[in-house]
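Asks: return atomic coordinates for the entry below.
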Amino acid sequence: MSSVRSDPIHIINPEPIDHFDRLPDSLLLLIFNKIGDVKALGRCCVVSRRFHSLVPQVENVVVRVDCVISDDDCSPSSSSSDKSRAAGPFSNLLRLVFGGIVKPLQALGQFLGPKRPTLNETLNNPSSSSLSVGSGGNDDGEMDQGGVTHHSPTQVLRNFDEIRFLRIELPSGELGIDDGVLLKWRADFGSTLDNCVILGAASVINNVHLQVSEYGSDGFCINNNTTSGSNVGNGDDNGSIPESFYINGGLKLRVVWTISSLIAASARHYLLQPIIAEHKTLDSLVLTDADGQGVLCMKRDQLEELRVKPLSASSASKRTLVPALNMRLWYASHLELPDGVILKGATLVAIRPSEQSASKKEVSDASWLSTAFEEPYGTAAKMLVKRRTYCLEMNSF
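Replies: Numbers count the residues shown, from 1 in each chain. Prediction:
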């Protein structure tokens, strides 16, 4: 009779149901792929054994790097590597979320100092660097206030088995530029540079009604008739570069922009080698920065090329060697975009290795340049490429 009396109680107050158990694995993986962020996925993997088993199957992963550290500080000893492997497949992700307090690793000055170096300092600085994802109580990147545990993206990504789409975001661009100056680049790599496009401007004016100074940052005089209304950008319809551009340092500045961007891109490419070697399921890899300064892209065929073809690298500078290049340059002293943004001293540089066939250049240039940048700078590239073209060459470095 006692068992009979207990039945109504069980009916009225049933045992709680975990509704996540009712969701199929495929739906949970869809959610995890939408999350993407490696730190958030690290937190998910400690929720339950089921989540722990599903997170390694995520295909879409985003790694936001907290800092860039010197190679000497981040090189792990063999014993520590063995301990990491023995601790289980998710030891790095767990430490990423619940890391202990350790002595902070010394970070490169250009990312943690009050001021990043100028372009010339970047070019003359031979020190190498590595990427680091930190954990601890301080999420704002102030490493000198309390301890932070560091793990490289390579270590963290070893916990994922089926990555197809990988995006890595640096805390900032490598190139220190003056306030108001525009400098953006995009580079595609295989085993070496496939192409690169650079967009720069001496200054950016967001309101067409703002007063324009008589002399631009390039040192050349701006025609006052081009500072209002529909005449903006039409002062030099033939696209010719003024003589003052060569005399007052305008060309030299563009050369510095170009070389600096290529060095930054080749250094990023060099850092990606171990990740590409370990993750053979990758279809797409993007290495960008929070400032939107530079974007390095690699598609599946380019990733496979790097795995099978030896990499030409400079071990001293820790970057991929840049091959001999053919470059084309377009310039406008004053360029007004449809949304009212004005670029002063706007410059577009399209770069390809000299050894690439002319037919490949002709077929791909239109789509390549028009999709290199997000708006409004994609429109700026389209407008500049219609102007007069200047051809240059550069030796390998």
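Asks: when you work out contacts or count neighbours from here on, use the C-alpha atoms and nothing else.
Replies: Noted.
Asks: okay, the residue lying closest to Asp339 once chain neighbours are set aside: pLDDT?
Replies: Ranked by Cα to Cα, 6 or more residues apart in numbering and with sequence neighbours excluded, the top spatial neighbour of Asp339 is Pro376, at 7.7 Å. Confidence at Pro376, expressed as pLDDT, is 90.
Asks: give me phi/psi at Pro376?
Replies: Backbone torsions for Pro376, taken as degrees, to the nearest 10, come to phi -90, psi 0.
Asks: can you verify my assumption that it contacts Leu337?
Replies: Yes - the pair Pro376 and Leu337 passes the contact test of Cα atoms under 8 Å, sitting 7.4 Å apart.
Asks: which of these two has more neighbours?
Replies: Each of Pro376 and Leu337 has its neighbours counted (other Cα atoms under 10 Å); Leu337 has more, 18 against 13.
Asks: any idea how far Thr347 is from Asp339?
Replies: 19 Å (Cα to Cα, to the nearest Å).
Asks: so which of these two has more stuff around it?
Replies: More crowded of Asp339 and Thr347, by other Cα under 10 Å: Thr347, with 24 against 12.
Asks: name the surrounding residues that touch the host helix or strand of the more buried one.
Replies: Per DSSP states H and E, Thr347 falls inside strand 342-353. With contacts defined as Cα atoms under 8 Å, 6 or more residues apart in numbering, strand 342-353 is touched by 193-208, 216-218, 254, 258, 323-337, 369, 381, 384-385.
Asks: so which of these are in strands?
Replies: If you go by DSSP state E, those have 193-201, 203-205, 325-336 in strands.
Asks: these, buried ones only, as a ChimeraX selection?
Replies: Here is the ChimeraX selection string for the buried members of the ones in strands among the contacts of strand 342-353, based on 16 or more other Cα atoms under 10 Å:
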select :193,194,195,196,197,198,199,200,201,203,204,205,325,326,327,328,329,330,331,332,333,334,335,336
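Asks: which residues of this protein score low on pLDDT?
Replies: Residue ranges of the chain with pLDDT under 70: 1-15, 68-150, 207-239, 315, 357-367.
Asks: what angle do strand 325-336 and the lengthiest helix in it make with each other?
Replies: Using DSSP state H, we find that the single longest helix of the chain is helix 250-271. Inter-element angle recorded for helix 250-271 and strand 325-336: 120 degrees (by axes from the mean of the first three to the mean of the last three Cα atoms, to 10 degrees).
Asks: and helix 250-271, what's buried?
Replies: 250, 254, 257-271.
Asks: same question, stretch 22-41
Replies: Neighbour-count burial for stretch 22-41 flags Leu28, Leu29, Phe32, Asn33, Ile35, Gly36, Asp37, Val38, Lys39, Leu41 (criterion: 16+ other Cα under 10 Å).
Asks: so can I have a markdown table of those residues showing secondary structure and distance to Val63?
Replies: Shown next, in a markdown table, are these (DSSP: H, G, I helix; E, B strand; the rest coil; distance: Cα to Cα, whole Å):
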| residue | secondary structure | distance to Val63 |
| --- | --- | --- |
| Leu28 | helix | 20 |
| Leu29 | helix | 18 |
| Phe32 | helix | 14 |
| Asn33 | helix | 13 |
| Ile35 | helix | 11 |
| Gly36 | coil | 8 |
| Asp37 | strand | 6 |
| Val38 | helix | 6 |
| Lys39 | helix | 8 |
| Leu41 | helix | 11 |
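Asks: let me know the closest of those residues to Pro16.
Replies: Closest approach between the buried residues of stretch 22-41 and Pro16, by Cα to Cα: Leu28, at 20.7 Å.
Asks: the closest one and Arg22, how far apart?
Replies: Counting by Cα to Cα, the gap from Leu28 to Arg22 is 11 Å.
Asks: again, but for Ala346
Replies: Distance of Ala346 to Arg22, computed by Cα to Cα: 57 Å.
Asks: ok, Arg388 next?
Replies: 63 Å.
Asks: then Cys45?
Replies: Distance from Cys45 to Arg22, counting by Cα to Cα: 18 Å.
Asks: got it, and Tyr331?
Replies: For Tyr331, the distance to Arg22 equals 60 Å [Cα to Cα].
Asks: ok, now Ile198?
Replies: 51 Å.
Asks: now do Gly190
Replies: Counting by Cα to Cα - Gly190 and Arg22 are separated by 44 Å.
Asks: how long is stretch 174-182 end to end?
Replies: 14 Å.
Asks: excluding its backbone neighbours, what's nearest Asp283?
Replies: Counting by Cα to Cα, 6+ apart, Asp283 lies nearest to Arg300, which is 4.5 Å off, once chain neighbours are set aside.
Asks: and Leu337, by the same measure?
Replies: Ala380 (6.5 Å).
Asks: count the neighbours of that neighbour for me.
Replies: Applying other Cα under 10 Å, we find 24 residues neighbouring Ala380.
Asks: please report how far it lies from Ser152.
Replies: Applying Cα to Cα to Ala380 and Ser152 gives a distance of 37 Å.
Asks: cool, Asp178 as well?
Replies: Distance of Asp178 to Ser152, computed by Cα to Cα: 30 Å.
Asks: higher neighbour count, these two?
Replies: Ser152 (19 against 11).
Asks: for that one, give me phi and psi.
Replies: Per degrees, to the nearest 10, the backbone of Ser152 is at phi -70, psi 150.
Asks: please begin residue numbering at 59 from this point
Replies: With the count now opening at 59, the last piece we talked about shows up as Ser210.
Asks: hang on, Thr250 packs against Pro368?
Replies: No - in this structure, Thr250 is not within contact of Pro368 by Cα under 8 Å, at 9.5 Å.
Asks: closest one of the buried residues of stretch 80-99 to Leu112?
Replies: The closest of the buried residues of stretch 80-99, once distances to Leu112 are taken by Cα to Cα, is Leu87, at 6.9 Å.
Asks: I'd say the closest one and Asn118 touch.
Replies: No - taking Cα under 8 Å as the definition, Leu87 is not a contact partner of Asn118, at 10.0 Å.
Asks: which residues touch the strand or helix carrying Pro332?
Replies: Here Pro332, judged by DSSP H and E, is contained in helix 331-336. Contact with helix 331-336 is made by Thr212, Leu215, Arg216, Leu340, Leu361, Arg365, as judged by Cα under 8 Å, 6+ apart.
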